[in-house]
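> What follows is a predicted structure for the sequence shown.
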Amino acid sequence: MMKVERIKSLLREENPYAILLKDMDEALIGLFRNGRTIGVYSYLQFISKLVMSGKTEEEAMIIYEKTVLEAERDENNPIWVDDTGV
C-alpha cells in the first residue's frame, strides 16, 4: 500500500469526518493525532500540484489563501505545514 493510501485509510478509520482535499493526494503528508485525527498537508506540495495543473505560482497562492486560509474551520479540517523553509 502506498504511503498516501495508508494515511487516507487510517484517517477514514480514526475520523470518518476528517476533511480530505480533492485531487491533492500528493500534498497529504501525514496525520495529526491530538484527541481527534486529522490530515496534515504540505504547503509546497499543494502549490506545486496547482502549478503542474497549469496555474501560475501567483494563482496557486491565491487559491491557497481563498480555500485554506479563509475557509471556515472546524475540528475536522486538516492542518498545514509551511515547508517553505522561511
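Noted; the coordinates are in hand.

> quick one: low-confidence parts of this structure?
For the chain, residues meeting the criterion pLDDT under 70 lie at 1.

> residue ranges for the strands of it, please.
Taking DSSP state E to define them, one finds strands in the chain at 28-33, 37-42, 79-81.

> quick one: buried residues of the last one?
Of the residues in strand 79-81, 80-81 count as buried by neighbour count, 16 or more other CB atoms under 10 Å. C-betas here are computed from N, CA, C, even on glycine.

> Which secondary structure elements does that strand sit against?
For strand 79-81, the contact count by 3 or more CB pairs under 8 Å, 6 or more residues apart in numbering; DSSP states H and E identifies strand 37-42, helix 43-52 as packing neighbours.

> ok, and for the longest helix seen in the chain, which residues are buried?
Once the chain is assigned using DSSP state H, the helix that runs over the most residues is helix 3-14. Of the residues in helix 3-14, 7-8, 10-11 count as buried by neighbour count, 16+ other CB under 10 Å.

> Output the contacting helices and strands for it.
Short answer (3+ CB pairs under 8 Å, 6+ apart): helix 3-14 packs on strand 28-33, strand 37-42.
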